[in-house]
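Engineer: Build me a structure from this.
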Amino acid sequence: MVQDQEDRALVFTYDYESGESFDVVAQLETSTTVDILQTGDGETVPEISQPDDYTGHVIRYNNGEGATAPTTLLFLSDQSLSADDSGSLGEDATMFSSRLNLLATTID
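Structural biologist: Purely as a prediction, here's the structure:
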């Protein structure tokens, strides 16, 4: 289970499900996370000057549909999650990086 305290998480705008619970499927390799958190030209964005400070996770929303539930990516800078951890996304989100199309929300 994700820690009781709320932590900031980054998700792609098109994958954000307000308040939805999720299960962690796997943690991404650091090099994969860095590649995703840079522009197509391999440049960093002002909001994320050190993409290797983030840990990427593959998550599956837990909407009761089992394997057909949507799977997406979640990025954390202050913690990492393990496979089989679970949590839920915050009800509110704000634009974090328009160049990378990322929202910032909380997890609990």
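Engineer: Please tell me how far the residue positioned nearest the centre of the chain sits from Thr44.
Structural biologist: Closest residue to the average C-alpha location of the chain: Leu74 at 1.3 Å, with C-alpha atoms, centre = their mean. In this view, Leu74 and Thr44 are 20 Å apart by C-beta to C-beta, to the nearest Å. Backbone N, C-alpha and C define where each C-beta goes, glycine included.
Engineer: Skipping adjacent residues, who's closest to Asp85 in space?
Structural biologist: Closest residue to Asp85 apart from its sequence neighbours, by C-beta to C-beta, 6 or more residues apart in numbering: Val24 at 4.4 Å.
Engineer: Burial check on the one you found, number of neighbours?
Structural biologist: By other C-beta atoms under 10 Å, 19 other residues sit near Val24.
Engineer: what is it paired to in the beta sheet?
Structural biologist: Beta-bridge pairing of Val24, defined through DSSP bridges, involves Ile59.
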